[in-house]
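Trainee: Need the 3D shape of this:
(2 chains)
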Amino acid sequence: MDGIHDMGGMDGFGKVVPEPDEPVFHQRWEATVMAMSRAIGASGAWNIDQGRYGIELLAPHVYLTSSYYKRWFLRLEQMLAQRKLVDADEIAAGRGLRPGRPLKRGKFTYADVERIMKRGSFGRPEPAPARFKPGDRVRARNIHPKAHTRLPRYVRGHSGTVERLHGCHVFPDSVVLGKGEDPQWLYTVCFEGRELWGDTAEPGLVVSIDAFEPYLEPV
Amino acid sequence: MDLRVHALQTILVEKGYVEPAGLDHIIEAYETRIGPHIGANAIAKAWTDPVFKASLLADATKAVGAIGRVGDHLVAVENTPQVHNMVVCTLCSCYPWDVLGLPPVWYKSFAYRSRAVKEPRSVLADFGLTLPASTQIRVWDSTAETRFLVVPMRPAGTDGWSEEKLALLVTRDSMIGTGLPKKPDEVS
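Mentor: Down below sits the predicted model:
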């Protein structure tokens, strides 16, 4: 979706302000939100792509005025409700009013923690040969999927060069539509700064994205 | 937020979805065990061991996996006098948690996410870093499940230093590409 989350190239957000000696969490509730989100994700209630889409579905004004972990919290509440894992009256009461529904991988326990301390693998067997190879000129297609996609707006319609192949990976666009993993070749594609930003581009800029094959067409 | 979060946690526990000890253990891991020291150790090893450096650049998941725990699709990218690498996620806040821990607030900020791909030199200036105009700035937008670790250049004046001592020079920001390693005289 052409949502507020797709921020690459926007102006007006001001300076980047690094915080010296930043703590891992600024508030305890942030830590709890992070842990609950990871635990529920690990229990199989939704996967990484559905989770990202959940954040993207927050209303733009909510997205812009909520901190990172506040967005995570709102996503968690919303997705738990959608999947009927938590009911509205329970949120209102602040306690569980009926037993939970079965989760794909069961209750998240202490013993599950180590499993999620390492990223999962999204690589899959290759269903077909790769269409492109390093050095090929490609154009990011001018597509505007209504649901989740990982093709940022700022590259659409622009030409670049394939630099690397990463094998076949789970295709987020299909996952969120309930069409399964639909593995697709994944490429690093480089775009010259001037191709993206015109004559005022900073000198010596090259931007790359990791693009699934359906995002690309030959030039 | 404290009350709302506490209420949701109570609900999840009462409904039997999560065990509180599991949640505490996740938090503890990111507060004490999983952080930039993991990436720093890999960088320091790459600075002293050319074979490890080659394997890190060829397959970072495998190379870092041999000295610690790391998940799939980690890609190490090397800074040189000609090319400076910098990592962002414009669409959300993808970050190599396994080797750097949880991302800092600035990495997740709208300012960084919007500007890094368009005016990285201006962003670097916000970090007090100015690079020669002749240096290519290569920005990696983490749009898939690949995760990027920048291998900064080893500072001059560190000949003969041990891996352990070199690791002290490797800052988190230098592995994201918004900073350089510390200078030798900044560590005792």
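Trainee: Now do the same for the residue of chain B found nearest chain A: its pLDDT.
Mentor: Nearest residue of chain B to chain A, counting by Cβ to the nearest Cβ: B:G71, 2.5 Å away. Every residue, glycine included, has its C-beta placed from N, CA and C. Looking at B:G71, its pLDDT reads 80.
Trainee: Next, the contact list for it, please.
Mentor: Contact analysis of B:G71 by Cβ atoms under 8 Å, 6 or more residues apart in numbering or on different chains lists A:118-121, B:61, B:98.
Trainee: Mind jotting down where the strands sit in chain A?
Mentor: Along chain A, the segments classed as strands by DSSP state E run A:123-124, A:137-140, A:159-169, A:184-192, A:205-212, A:216-218.
Trainee: Leaving out the residues flanking it, which one is nearest to the spatially most central residue of chain A?
Mentor: When Cα atoms, centre = their mean is applied to chain A, the residue found nearest the centroid is A:R52 (4.3 Å). Using Cβ to Cβ, 6 or more residues apart in numbering or on different chains and skipping residues adjacent in sequence, the residue nearest A:R52 is B:C92, 5.6 Å away.
Trainee: hang on, the earlier thing: could I get the strands of chain A as TSV with distance to chain B?
Mentor: Formatted as TSV, the strands of chain A follow (distance: least, Cβ to the nearest Cβ, whole Å):
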stretch	distance to chain B
strand A:123-124	6
strand A:137-140	11
strand A:159-169	6
strand A:184-192	5
strand A:205-212	4
strand A:216-218	13
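Trainee: ok, and for the lowest-mean-pLDDT helix or strand in chain A, which residues are buried?
Mentor: Every helix and strand in chain A was compared by mean pLDDT, DSSP states H and E; the lowest is helix A:113-116, with a mean of 86. Going by neighbour count (16 or more other Cβ atoms under 10 Å in any protein chain shown), the buried part of helix A:113-116 is A:113, A:116.
Trainee: Which residue does chain A have closest to chain B?
Mentor: Going by Cβ to the nearest Cβ, chain B is nearest to A:R119 of chain A, at 2.5 Å.
Trainee: The residue of chain B closest to chain A - nearest residue in space that isn't next to it in sequence?
Mentor: In this structure, B:G71 finds its nearest non-sequential neighbour in A:R119, 2.5 Å apart by Cβ to Cβ, 6+ apart.
Trainee: ok but B:V150 is inside a strand, no?
Mentor: Yes - B:V150 sits within a strand when classified using DSSP: H, G, I helix; E, B strand; the rest coil.
Trainee: residues contacting it?
Mentor: Shown in contact with B:V150 (Cβ under 8 Å, 6+ apart): B:76-79, B:85-87, B:174-177.
Trainee: what does A:V24 give?
Mentor: A:V24 is in contact with A:31, B:30-31, B:35, B:101-102, counting by Cβ under 8 Å, 6+ apart.
Trainee: One more: A:H166?
Mentor: Residues in contact with A:H166 (Cβ under 8 Å, 6+ apart) are A:123, A:186-188, A:210, B:73, B:144, B:146.
Trainee: quick one: B:D126 and A:V16 touch, right?
Mentor: Yes - shown here, B:D126 and A:V16 form a contact pair, counting by Cβ atoms under 8 Å, at 4.3 Å.
Trainee: which stretches of chain A form helices?
Mentor: For chain A, the helices defined by DSSP state H occupy A:28-42, A:48-56, A:60-65, A:68-82, A:88-93, A:113-116, A:172-175, A:193-197.
Trainee: Burial check on A:P214, number of neighbours?
Mentor: A:P214 has 18 neighbours, counted by other Cβ atoms under 10 Å in any protein chain shown.
Trainee: And for the nearest residue in space to it that is not next to it in sequence, the neighbour number?
Mentor: Nearest residue to A:P214, sequence neighbours excluded (Cβ to Cβ, 6+ apart): A:Q184, at 5.9 Å. Close neighbours of A:Q184, defined as other Cβ under 10 Å, add up to 25.
Trainee: And for the one 3 residues further on?
Mentor: Counted by other Cβ under 10 Å, the residues lying close to A:Y187 total 29.
Trainee: quick one: which of the contacts of B:G71 has the most company?
Mentor: B:D98 (23 neighbours).
Trainee: For that one, which non-adjacent residue is spatially closest?
Mentor: Nearest residue to B:D98, sequence neighbours excluded (Cβ to Cβ, 6+ apart): B:V70, at 4.5 Å.
Trainee: what does B:Y30 give?
Mentor: In space, and not counting its chain neighbours, B:Y30 is closest to B:L102: 5.3 Å by Cβ to Cβ, 6+ apart.
Trainee: Local confidence estimate at that neighbour?
Mentor: Reading off the confidence values, B:L102 has pLDDT 97.
Trainee: Need the phi and psi values for it.
Mentor: phi -80, psi 150 (degrees, to the nearest 10).
Trainee: quick revisit: what helix or strand is the residue of chain B closest to chain A on?
Mentor: Assigned by DSSP states H and E, B:G71 belongs to neither a helix nor a strand.
Trainee: repeat for B:V77
Mentor: Short version: B:V77 belongs to strand B:74-78, going by DSSP H and E.
Trainee: Give the rounded mean pLDDT of that strand.
Mentor: Taken as a whole, strand B:74-78 carries a mean pLDDT of 97.
Trainee: Any buried residues in that strand, and which?
Mentor: Neighbour counts over strand B:74-78 (16+ other Cβ under 10 Å) mark B:74-77 as buried.
Trainee: same thing with stretch B:123-138?
Mentor: B:123-124, B:126-127, B:129, B:131, B:135, B:137-138.
Trainee: Of those, which belong to strands?
Mentor: Of the buried residues of stretch B:123-138, the ones assigned to strands by DSSP E are B:137-138.
Trainee: Just put the buried residues of stretch B:123-138 in a markdown table and tack on distance to chain A.
Mentor: Below are the buried residues of stretch B:123-138 laid out as a markdown table (distance: Cβ to the nearest Cβ, whole Å):
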| residue | distance to chain A |
| --- | --- |
| B:V123 | 6 |
| B:L124 | 9 |
| B:D126 | 4 |
| B:F127 | 6 |
| B:L129 | 11 |
| B:L131 | 9 |
| B:T135 | 6 |
| B:I137 | 5 |
| B:R138 | 5 |
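Trainee: Out of the buried residues of stretch B:123-138, which sit inside helices?
Mentor: If you go by DSSP H, the buried residues of stretch B:123-138 have B:123-124, B:126 in helices.
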